[in-house]
Structure formats: C-alpha cells, structure tokens
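A.B. asks: Build me a model:
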Amino acid sequence: MAFGRSALGSGGSRPRPLSDINVTPLVDVMLVLLVIFIITAPLLTSSIRLDLPQTDAGQPNEVPRFV
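C.D. replies: Down below sits the predicted model:
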C-alpha cells in the first residue's frame, strides 16, 4: 500500500515504484512452523515417562482450624 500516494508521485513526471512489503514468505514460514509444532507436540508429551509415587493413605482426618 502506498498510503494515499499515487504511483506517479506528486509531480507526475516519472512513475515511482510502490513500496509494499511482501508478506507471502512470512506467512509461508509461519504456516510451516505451525505444522511442525502441531506434529511434534503430541510426540513430546507421549514420550515423557514419569514414575509417580503411590499413596496408601486417604484424605486427612483433621479439619484445618482458622484463627
């Protein structure tokens, strides 16, 4: 976008190139990164193996006292 300026400029004698930023490569890279993270996220969470401690006790019998 030229933000209100025409391609001819103010004098109209010589055409000036528009200074637009091409965002297509940025969108392409972001989509590739998104696909990579979507594919690798389930693999990372399923590969972590934790040995969680087991408990034999139930809930504590004491009721907390508020002062």
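A.B. asks: CA atoms for contacts and neighbours, from now on please.
C.D. replies: Will do.
A.B. asks: Next, the contact list for residue 22, please.
C.D. replies: Residue 22 makes contact with no residue, according to CA atoms under 8 Å, 6 or more residues apart in numbering.
A.B. asks: so what pLDDT did it get?
C.D. replies: Per-residue pLDDT puts residue 22 at 90.
A.B. asks: in the chain, which spans are helices?
C.D. replies: For the chain, applying DSSP state H gives helices covering 24-47.
A.B. asks: give me the number of residues near residue 23?
C.D. replies: The burial count assigned to residue 23 is 8, neighbours taken as other CA atoms under 10 Å.
A.B. asks: Over to the one 5 residues further on?
C.D. replies: Other residues near residue 28 come to 11 when the count uses other CA under 10 Å.
A.B. asks: roughly how far apart are residue 13 and residue 19?
C.D. replies: 18 Å (CA to CA, to the nearest Å).
A.B. asks: How about residue 50?
C.D. replies: 55 Å.
A.B. asks: out of the two, which sits in the busier spot?
C.D. replies: residue 19 (10 against 6).
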